[in-house]
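> give me coordinates for this.
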Amino acid sequence: MLWSDARLLAVHKPAGVPVQPDPTGTSDLLSALRAMHPGEAIGLAHRLDRPVSGVVLFSRTTEALQALNRLFHDRAVQKTYLAVVTGAVDGELTLEHTLLHDAKARRARVSDRGVPVSLTLRPVMHGDRYTLVEVRPLGGAFHQIRAQLAAAGHPIKGDVKYGARRGERDRSIALHARSIALPHPFTGEALHVEDPLPETPTWAPWRTIPTA
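Numbers count the residues shown, from 1 in each chain. Reported below is the predicted structural model:
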C-alpha cells in the first residue's frame, strides 16, 4: 500500500501481475484488493500493462469510482513514468502521433486513422546504449507510451513487441509508473503519490539516480 483514505487506495503493481482478471487466470491486483477489503466496492479507473510496474489508483466506493472516472475523462490526472529507452535522448521532446488500436495483434500502430496522442519526455541519465527518461503522457490510449517511444526510434528496454532487441529475464519491460497526481475528488486537495523504483535487476543500474 502506497497511500489510502476512506475513499481511495493507491498501491504498487509489480511487473508481471495483471491489474484485473485476464484469460490466463493469473492472480490479479483487483481481485486481491477485493479479497483484502470485503464489503467495499473496490473499483478500477485506470490500468497498467501487465509487464509494467508502478502506482495504480483504486476506488473504495461506487461514488469514488464515478468521481475518478470524471477526473480521468477531463484529463485532470497527471501520470509520470520512468522508462529506460534504446539510444540517446539528448533533450526534452514532445511526441505527437495518431495511434490505431490493432485488437487482433494486441498492439497500437501509428496510422493516419485513430486517436491523436502526445507525450513529453526528458532525459534523466545516459548510459552506454540506453537513456533513462521521464515521460508524461497526455491522455491514456492503449499502449500509448510504448508505441510512441518506438515510433520515435527509442523502444523501451525489454519491449520486444515494440522493437526491443531482446526481452528481460522476468518478461518485464523497463517502464515504471512513478507517480500520479490529481485533485482529490471529494476534498479538492492536491493528491500526489509516488512509487519507488522496483528492486529488480532491470532497474538496478538506475536506482541511485535522482528523479525529481
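> chain center to the lengthiest helix in the chain, what's the gap?
Identified as the longest helix of the chain according to DSSP state H is helix 62-73. Helix 62-73 sits 18 Å away from the centroid of its parent chain (C-alpha atoms, centre = their mean, to the nearest Å).
> ditto for stretch 74-84
Using C-alpha atoms, centre = their mean, the offset of stretch 74-84 from its chain centre is 7 Å.
> what of stretch 26-37?
For stretch 26-37, the distance to the chain centre is 19 Å (C-alpha atoms, centre = their mean).
> report the buried residues of that stretch.
Residues of stretch 26-37 classed as buried by neighbour count (16 or more other C-beta atoms under 10 Å): 28-30, 33-34. To be clear about C-beta, it is placed using only N, CA and C from the backbone, and glycine gets the same treatment.
> same question for that stretch, mean pLDDT?
Summarised as a single mean, pLDDT over stretch 26-37 is 96.
> which non-adjacent residue is nearest Gly140?
Nearest residue to Gly140, sequence neighbours excluded (C-beta to C-beta, 6 or more residues apart in numbering): His46, at 6.4 Å.
> for this protein, what spans make up the helices?
29-36, 62-73, 144-151.
> distance from the centroid: which residue in the protein tops it?
Each residue of the chain has a distance to the centre, and by C-alpha atoms, centre = their mean the biggest one is for Gly39: 28.2 Å.
> by contact count, what packs against the longest helix of the chain?
strand 43-44, strand 53-59 (3 or more C-beta pairs under 8 Å, 6 or more residues apart in numbering; DSSP states H and E).
> let's have those in TSV, adding distance to Thr208, mean pLDDT and mean neighbour count.
Shown next, in TSV, are the helices and strands packed on helix 62-73 (distance: least, C-beta to C-beta, whole Å; pLDDT from 0 to 100; neighbours: other C-beta atoms under 10 Å):
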stretch	distance to Thr208	mean pLDDT	mean neighbour count
strand 43-44	33	98	18
strand 53-59	18	98	24
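> tell me the confidence at Ile209?
Each residue has a pLDDT score; the one for Ile209 is 60.
> and if you look at the one 3 residues further on?
Ala212 carries a pLDDT score of 45 in this model.
> hmm, back to that, report how many residues lie close to the residue nearest to Gly140.
17 (other C-beta atoms under 10 Å).
> and it, how far from Tyr162?
21 Å (C-beta to C-beta, to the nearest Å).
> again, but for Arg122
20 Å.
> between these two, who's got more neighbours?
Tyr162 (18 against 13).
> which residues does the nearest residue to the more buried one once chain neighbours are set aside contact?
Nearest non-adjacent residue to Tyr162, counting by C-beta to C-beta, 6+ apart: Ala150, 3.8 Å away. Neighbouring residues of Ala150 by C-beta atoms under 8 Å, 6 or more residues apart in numbering: 156, 159, 162-163.
> what about the closest residue to Ser31 other than its chain neighbours, how many residues nearby?
Spatially, and ignoring its direct neighbours in sequence, Ser31 is nearest to Pro21 (6.1 Å; C-beta to C-beta, 6+ apart). Applying other C-beta under 10 Å, we find 13 residues neighbouring Pro21.
> what's near enough to touch Pro21?
Residues counted as contacts of Pro21 (C-beta under 8 Å, 6+ apart) are 28, 30-31.
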